[in-house]
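>>> model the following, please.
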Amino acid sequence: MITDKDGNIIPADELADKGISINQGTGEVTFKPDAIADGSTISVHNENGDAQNPSKTVTETAPKDDHDADGSTDDVDQDDDNDGLADDVENKDPAHKPENGGKGLDPHNPDTNGDGVNDGDEDSDGDGVKNKDDNTPFLKTTQVKSCQTKMATVFVMILIPISMVMVSIMLMKKKQAQIRKIQIQMAHRMAIKTLIMMV
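Numbering: from 1, shown residues only. The predicted structure is shown next:
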């Protein structure tokens, strides 16, 4: 007899539907681990009073996914489908957004569009660079260059006023130095005139 967590007996036909069977002769319980949630505990109690084996407890942990079967489970594998394109890049595909159809590159399918070419070898933005070699696989190189040009323009626009301020400061310092030089020269002349008058 098998009971649920509340102690209710589960009928044999329900057990069969869940992939669980009991050999009435040996008491052996057979089940499919994939029918059990990760970390589930199964306790089997001998209701016949067998003193040697009154109960057994088995804790079953569901196996973790490894989509590309490379021996590295998906939770630590950076490329779950082994298509040459990292999962975090595939997840950044703008097509994943609901407003864009929600059908972007699938990090668990090496050939999302089924055309026989791995996602990493595709050229999603049509700029002539394979996705796996492209720093911006969903943004054309011309768009990147345009952004870089705009940034350079803003940088120059900021630099020009700074340069003008620097030149103004330098001119003011130069002018102040010239004025100071003239003041010193005038002071010298006055001192010489005063000395001449005293003699």
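
>>> can you show me the helices along the chain?
12-17, 87-91, 141-198 (DSSP state H).

>>> rank those by mean pLDDT and give me the bottom one.
With a mean of 70, helix 141-198 has the lowest mean pLDDT of these.

>>> ok, residue 86 touching residue 92?
No. Counting by Cβ atoms under 8 Å, residue 86 sits too far from residue 92 to count as a contact (9.6 Å). Using the backbone N, CA and C atoms, a C-beta is placed for each residue, glycine as well.

>>> so for residue 137, what pLDDT did the model give?
pLDDT, residue 137: 81.

>>> gap between it and residue 88?
12 Å (Cβ to Cβ, to the nearest Å).

>>> more neighbours, the two?
Between residue 137 and residue 88, counted using other Cβ atoms under 10 Å, the more crowded position is residue 137 (23 against 10).

>>> and the gap between the more buried one and residue 122?
For residue 137, the distance to residue 122 - Cβ to Cβ - is 8 Å.

>>> which neighbours do the two have in common?
Both residue 137 and residue 122 are contacted by residue 131, under the criterion Cβ atoms under 8 Å, 6 or more residues apart in numbering.

>>> neighbours around residue 120, how many?
Residues near residue 120, counting by other Cβ under 10 Å, number 23.

>>> contact partners for it?
Each residue near residue 120 by Cβ under 8 Å, 6+ apart is listed here: 83, 84, 85, 130, 131, 132.

>>> do you know how far the spatially closest residue to it that is not a sequence neighbour is from residue 132?
Closest residue to residue 120 apart from its sequence neighbours, by Cβ to Cβ, 6 or more residues apart in numbering: residue 84 at 2.7 Å. Per Cβ to Cβ, residue 84 is found 4 Å from residue 132.

>>> ok, residue 20 touching residue 30?
Yes. The pair residue 20 / residue 30 is scored as a contact, 7.1 Å apart, by Cβ under 8 Å.

>>> the more surrounded of the two?
Taking neighbours as other Cβ under 10 Å, residue 20 and residue 30 compare with residue 20 leading, 18 against 9.

>>> tell me how many other residues crowd the residue nearest to that one when sequence neighbours are not counted.
In space, and not counting its chain neighbours, residue 20 is closest to residue 31: 4.4 Å by Cβ to Cβ, 6+ apart. With neighbours defined by other Cβ under 10 Å, the count for residue 31 comes to 17.

>>> surely residue 31 is in contact with residue 19?
Yes. Counting by Cβ under 8 Å, residue 31 touches residue 19, with 6.0 Å between them.
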